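Student: How does the following fold in three dimensions:
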Amino acid sequence: MLVGSKNECERVQDILLQAGESEKIVGFVSPQKTEDPYFLGTIDQMETILAIHKPDDIIFCEQDIDETVIIHIMIAISGKNIESSI
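Tutor: Numbering: from 1, shown residues only. As a prediction, the model looks like this:
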């Protein structure tokens, strides 16, 4: 799962494609409210998104998200067998 703006998610997805890791992407989460169907939802809905989609990994696009928000989410998911990276 990638968390960031559409442009940043696409950029990171391209990097993962080149590395042969694209099959791990279960979806995209926006840092802001949006109606764009590209996203599974927003950071505010993260708990529900994680419960439904059960990703193994979350990659945060730090350019789009405040560090404190990333840290808060990383703490919230600790112990849930979800890897996270920035």
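Student: And the contacts of the lengthiest helix in the chain?
Tutor: Scanning the chain for the helix with the most residues, using DSSP state H, yields helix 6-18. Contacts with helix 6-18, where a contact means Cβ atoms under 8 Å, 6 or more residues apart in numbering, come from 2-4, 22, 24-25, 28, 30, 36, 38-39, 59, 61, 63-64. C-beta: built from backbone N, CA, C; applies to glycine.
Student: could you point out which element follows that helix?
Tutor: Following the chain from helix 6-18 toward its C-terminal end, the next helix or strand by DSSP states H and E is strand 28-30.
Student: Strand partners (parallel or antiparallel) of that next one?
Tutor: Applying DSSP bridges to the sheet, strand 28-30 is found paired with strand 2-3 (parallel), strand 41-42 (parallel).
Student: ok now the first one, how far from the chain's centre?
Tutor: Same thing as strand 2-3. Remark: strand 2-3 is offset 2 Å from the chain centroid, using Cα atoms, centre = their mean, to the nearest Å.
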